[in-house]
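Colleague: Got a sequence here, can you build the structure:
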Amino acid sequence: MPASSKSSAPTSAAKTAKPSTVAPKADSKTAKAVSAKVALTKTPTVKAPATKGAANGVAAGAPVAAKANAAKAANAKADAAKTDAAKAKSDKSEKADNLTVEKPVAEKPAVAKAPTVAKAPTISPAQEETLQGLLVELEGKSETAQRPIVDEILKLGLGVIKPLSRALNSGATFQVRMASATALGELGDERCVAPLVQALADTSLNVQRAAAHALSLLGPPAVEPLLESLDSPDDSVRRWASEVLGKLGRKAVAQELIGRLNRETIEVQKAMIIALGELGSTKATVPLMGFLRSENIDLVRYAAEALGRLGDERGIANLIECLDSPSIDVRKASADALVKIGDGAVPPLNAALVNPNHTVRRWVAEALGSLKDKRAIPALVIALKDENVRVRRYAALALGQIGDAKSARHLQSLLHDPIQDVRYSAVKAVAGIGGKASLEPLVTALKDSDWVVRLAAAQGLGQLGDKHAVPALCESLKDPEWSVRYHAALSLGDIEDGAAVIPLIKALNDPREDVRRGIVETLGRLGDKRAVAALERQRKSESRNDERLVTAVIDTVLPGLRRGRKVEARPENRLLPQPIINSATIKPKAAILAARSSAANSVANGNAANGNQ
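Modeller: As a prediction, this is how the structure comes out:
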């Protein structure tokens with residue numbers, strides 16, 4: 001056989017076996033790994049011995065090639081499995097590594113946030129020097145004088161918190177500590193709470209007060225530290241803490257105060273009672289009612305005021321009992337509290353108008369007047385006949401405050417009461433009611449024997465504004481008491497009826513300067529030209545007598561009257577002094593004369609200035 005035939009047999013066998021050496025296709029990474037492995041472990045081709053013919057050579061080499069190919073395939077499969085396992089393990093490890101890295105990342109904001117909040121701003125050395133200079137300036141200055149300096153400190157910003165805290169709790173003067181507390185409160189930062197709470201124990205009451213006010217400005221952040229301060233061994237700290245908690249207004253705090261109330265000192269109890277009233281929680285009603293029976297008058301008064309703020313009707317009966325207190329402060333606080341409670345107090349108060357104690361009846365009548373509830377009218381009308389003068393008086397005033405027109409006829413019976421105070425109160429009540437029903441009682445009162453009653457009637461008719469009152473008021477221009485004549489003239493100006501012009505002109509010769517002044521003002525308000533000639537004559541007469549006050553008023557009204565215009569007395573032209581009608585407050589004659597002279601000069605100067613214009 002030729003040589004070419006011998007060499008072709010092994011080559012053909014190798015070509016036949018080559019395709020079976022390719023492993024099953026996996027992903028690209030696995031395929032590369034397998035290919036590399038196969039290249040390293042590839043079995044060398046076994047050459048078959050030469051046979052007699054080409055056919056025999058192929059048949060003899062086939063089993064060997066098949067075995068080699070099977071071995072290659074097995075190795076490739078094993079390597080692929082190992083590669084997949086390694087990849088899975090790598091992925092699992094990477095995932096675990098990612099979880100380990102992500103966990104701290106999720107927690108980092110929470111961990112990093114706290115230091116950021118706690119870190120306080122700082123100030124530069126130059127600002128620190130400025131602050132220290134300002135603190136030195138505070139020494140020896142009053143609160144008013146400190147204000148501009150505190151404003152300058154605030155302009156430095158939040159960086160001053162630490163230096164101010166040191167100044168507040170150091171041994172500096174009380175003015176520096178007080179101003180530091182004020183500034184910390186106005187900065188409004190929660191980091192200011194701790195030093196301010198500590199300052200509640202300061203040796204200076206002024207510093208304590210400033211710190212308490214500053215804490216009230218800081219609001220909610222101060223609540224918890226103040227609650228903790230309620231356990232302080234220092235009475236002043238507990239007292240101020242209670243006061244500030246009341247001003248902060250968180251109702252949930254009320255229970256904490258109630259729980260400590262009975263075991264506290266009197267001064268702290270006062271602060272807690274006031275705070276409970278300000279908090280407005282009705283949980284405090286029953287504990288506060290217990291203090292109405294205290295032997296300490298201040299505690300009773302504060303409890304009454306607090307119950308009024310709460311507005312809880314459960315306290316009505318106890319408050320009415322307090323109207324019998326020997327302390328007028330307690331009686332007034334209780335009456336005011338009943339008024340604040342409102343409409344629910346009216347029926348119990350009506351029933352209390354027959355209380356055997358006249359002091360209780362008197363305060364009940366006043367409270368009913370303040371409530372202005374028409375349901376009280378029947379009980380108050382009955383009280384007009386009470387045996388006690390003060391009860392009758394306050395019942396009349398109460399009916400006037402309620403203002404029901406039907407009450408006027410009941411009040412008219414009091415115009416003949418033997419007690420002047422009762423008649424006066426009846427007149428004031430009738431004037432307060434107003435309307436046509438009030439005209440006749442007021443006109444009747446103009447003839448009362450007491451000048452104070454007549455004066456009140458003259459004022460009341462002016463308020464009424466009814467022209468039917470003009471004749472009676474013109475007649476009062478002749479009253480023996482000058483203050484009645486004066487107010488009768490002013491009331492005629494309020495009514496503005498031309499029928500009063502002639503009686504007013506005739507009254508210009510009144511011997512009292514104040515009365516003539518009032519008449520001139522009223523003629524100016526009426527704006528009737530008929531008064532011009534009379535006022536010109538009066539001016540000459542006043543000038544001869546050196547009565548500059550009336551002359552100045554005439555000079556004020558005449559220009560307008562000549563044009564037929566009304567001249568309304570403006571506040572700046574209203575002349576002083578006004579007549580003194582209360583004998584208990586009468587001023588020395590020299591002071592009155594000096595005031596008149598000063599008023600006349602000011603009016604004269606004003607007229608001169610207007611003339612120059």
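
Colleague: in what helix or strand does the residue lying closest to residue 132 once chain neighbours are set aside lie?
Modeller: In space, and not counting its chain neighbours, residue 132 is closest to residue 163: 7.7 Å by C-beta to C-beta, 6 or more residues apart in numbering. Every residue, glycine included, has its C-beta placed from N, CA and C. Here residue 163 sits within helix 161-168, counting by DSSP states H and E.

Colleague: buried residues in that helix?
Modeller: By neighbour count with 16 or more other C-beta atoms under 10 Å, helix 161-168 contains the buried residues 161, 163-165, 167-168.

Colleague: Dump the residues you listed to TSV, plus pLDDT and distance to residue 367.
Modeller: Listed next are the buried residues of helix 161-168 as TSV, based on pLDDT from 0 to 100; distance: C-beta to C-beta, whole Å:
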residue	pLDDT	distance to residue 367
161	94	50
163	93	54
164	93	49
165	94	50
167	93	51
168	93	47
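
Colleague: circling back to that earlier point, wouldn't the residue nearest to residue 132 be in contact with residue 133 here?
Modeller: No: if you go by C-beta atoms under 8 Å, residue 163 and residue 133 don't touch, sitting 11.9 Å apart.

Colleague: still on that earlier bit, please report how far the residue nearest to residue 132 lies from residue 127.
Modeller: Look at residue 163 and residue 127: by C-beta to C-beta, to the nearest Å, they are 9 Å apart.

Colleague: quick one on the thing from earlier: mind listing what the residue nearest to residue 132 touches?
Modeller: Counting by C-beta atoms under 8 Å, 6 or more residues apart in numbering, residue 163 touches 123, 128, 131-132.

Colleague: Separate out the buried members of those.
Modeller: Judged by 16+ other C-beta under 10 Å, buried ones among these: 123, 131.

Colleague: What about the contacts of residue 163, which are in helices?
Modeller: Assigned to helices by DSSP state H, the following of the contacts of residue 163 qualify: 128, 131-132.

Colleague: for residue 263, helix, strand, or coil?
Modeller: coil (DSSP: H, G, I helix; E, B strand; the rest coil).

Colleague: repeat for the one 4 residues further on
Modeller: The three-state label given to residue 267 by three-state DSSP is helix.

Colleague: That one reaches residue 235, doesn't it?
Modeller: Yes: applying C-beta under 8 Å as the test, residue 267 and residue 235 come out as touching, 6.4 Å apart.

Colleague: And the protein, what are its domain boundaries?
Modeller: Listed by automatic domain parsing, the domain ranges of the chain are 3-102, 473-613.

Colleague: so who does the residue nearest the centre of the chain touch?
Modeller: Geometric centre of the chain, nearest residue: residue 247, 9.3 Å, by C-alpha atoms, centre = their mean. Shown in contact with residue 247 (C-beta under 8 Å, 6+ apart): 216, 275, 278.

Colleague: ranking the domains of the chain by mean pLDDT, which is last?
Modeller: Comparing mean pLDDT across the domains of the chain, the weakest is domain 3-102, with a mean of 43.

Colleague: Tell me where the stretch 351-500 of the chain has helices.
Modeller: With DSSP state H, counting those that start in this stretch as the definition, the stretch 351-500 of the chain shows helices at residue ranges 358-371, 377-383, 389-402, 408-412, 420-433, 439-445, 451-464, 470-476, 482-495.

Colleague: Just put those in TSV and tack on mean neighbour count and distance to residue 255.
Modeller: Converted to TSV, the helices of the stretch 351-500 of the chain look like this (neighbours: other C-beta atoms under 10 Å; distance: least, C-beta to C-beta, whole Å):
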stretch	mean neighbour count	distance to residue 255
helix 358-371	24	31
helix 377-383	19	40
helix 389-402	25	39
helix 408-412	20	50
helix 420-433	24	45
helix 439-445	21	56
helix 451-464	24	52
helix 470-476	20	63
helix 482-495	24	57
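
Colleague: got the phi/psi numbers for the residue lying closest to residue 282 once chain neighbours are set aside?
Modeller: Leaving out its chain neighbours, the residue that sits closest to residue 282 by C-beta to C-beta, 6+ apart is residue 312, at 4.8 Å. Note on residue 312: its backbone torsions stand at phi -90, psi 120 [degrees, to the nearest 10].

Colleague: so residue 312 touches residue 341, yeah?
Modeller: Yes: taking contacts as C-beta under 8 Å, residue 312 lies within contact range of residue 341: 7.4 Å.

Colleague: quick one, which of those two is more surrounded?
Modeller: Neighbours per residue (other C-beta atoms under 10 Å) separate residue 312 from residue 341, with residue 341 holding more: 24 against 20.

Colleague: can you tell me how far that one sits from residue 508?
Modeller: The value you get for residue 341 to residue 508, if C-beta to C-beta is used, is 55 Å.

Colleague: Distance of residue 389 relative to residue 419?
Modeller: Plainly put, residue 389 is 5 Å away from residue 419 if you go by C-beta to C-beta.

Colleague: sorry, back to before: and which of the contacts of residue 163 is nearest to residue 464?
Modeller: Checking the contacts of residue 163 against residue 464 by C-beta to C-beta gives residue 131 as the nearest, at 66.1 Å.

Colleague: show me the contacts for the closest one.
Modeller: Listed by C-beta under 8 Å, 6+ apart, the contact partners of residue 131 are 123, 153, 156, 160, 163-164.

Colleague: for residue 271, same thing?
Modeller: Going by C-beta under 8 Å, 6+ apart, residue 271 touches 238-240, 242-243, 246.

Colleague: hang on, the earlier thing: closest one to residue 140 among the helices of the stretch 351-500 of the chain?
Modeller: That would be helix 358-371 among those, by C-beta to C-beta, at 47.7 Å.

Colleague: Just the CA atoms of the closest one, as PDB, please.
Modeller: Taking Å, rounded to 0.1, in the frame of the first residue of the first chain, the C-alpha atoms of helix 358-371 are listed here in PDB:
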ATOM      1  CA  HIS A 358     -78.200  90.600 103.500                       C
ATOM      2  CA  THR A 359     -74.500  90.600 102.400                       C
ATOM      3  CA  VAL A 360     -75.200  87.500 100.300                       C
ATOM      4  CA  ARG A 361     -78.300  89.200  98.800                       C
ATOM      5  CA  ARG A 362     -76.400  92.300  98.000                       C
ATOM      6  CA  TRP A 363     -73.600  90.500  96.100                       C
ATOM      7  CA  VAL A 364     -76.200  88.200  94.300                       C
ATOM      8  CA  ALA A 365     -78.000  91.300  93.000                       C
ATOM      9  CA  GLU A 366     -74.800  92.800  91.700                       C
ATOM     10  CA  ALA A 367     -73.900  89.500  90.000                       C
ATOM     11  CA  LEU A 368     -77.400  89.300  88.400                       C
ATOM     12  CA  GLY A 369     -76.900  92.800  87.000                       C
ATOM     13  CA  SER A 370     -73.600  91.800  85.400                       C
ATOM     14  CA  LEU A 371     -75.200  88.700  83.900                       C
END
